[in-house]
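Asks: need the 3D shape of this:
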Amino acid sequence: MLYRAPSRLLIPLLVAALASALTGCSLFNRNGGDTPGVQSAGAAAGGPALEVPTTVAAGQVSLLQRLGADGPLRTLSVERDGAWQCLDCAGDGVTSRGTLAPEQTERLQVLLADPTLAKETDQVRQYRPTCIDALTSSLLTSAGLVTSQDCPGEERTKVAGEILLLLTQATPAEVEG
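Replies: Numbers count the residues shown, from 1 in each chain. Modelled structure (predicted):
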């Protein structure tokens, strides 16, 4: 992998990538009503409205992954009860659903409630990606966004790293590119 110092265009590119990542995490509105922290996006050709989460509630997590700058967006959403939906998680175009085992759900809830997670957010760490063509994984939690890359020398955050490992072991999502 190539290492390169951040350029002036990197920040606007990251903002655009995050915006597209959040747009790609669309879910159908299950209750038909307005949900706080969720934007409604009209579907083309009169189809059902899609819900685009911009935040997640306590106990929920979304994993957004992209391999390189041009790779497809992979999304995994996990509810408080452990139910998950994965859109293109393994980069194979497949949508899958499942439920975490009770002990995995309990462990995930403990990790999501850990106050250390708030100290691992991109904003607090002032995170900047350093690798090109690496798998970039972003966890959207109620504490904020925590991003990491699968590249040599990058240290994983403790709590968010454990969440990422748990999710990739229990679902088709991948921890490495």
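Asks: could you list the residues in contact with stretch 110-129?
Replies: Applying CB atoms under 8 Å, 6 or more residues apart in numbering, the contact partners of stretch 110-129 are 6, 10, 14, 58-61, 136, 141-147, 149, 157-160, 162-163, 166. Heads up, the C-betas are built off the backbone N, CA and C, glycines and all.
Asks: again with stretch 82-101
Replies: 24, 27, 65, 67, 71-78, 81, 102, 104-105, 108, 170-174.
Asks: out of the residues you listed, list just those in strands.
Replies: Applying DSSP state E to the contacts of stretch 82-101, the entries found in strands are 27, 65, 67, 73, 74, 75, 76, 77, 78.
Asks: what's the farthest-apart pair in those residues?
Replies: 27 and 67 (22.5 Å; CB to CB).
Asks: all helices in the protein, in order from the N-terminus.
Replies: Per DSSP state H, the chain carries helices over the ranges 10-24, 102-113, 122-125, 158-170.
Asks: what's the angle between the last one and helix 102-113?
Replies: An angle of 150 degrees separates the directions of helix 158-170 and helix 102-113 when computed by axes from the mean of the first three to the mean of the last three CA atoms, to 10 degrees.
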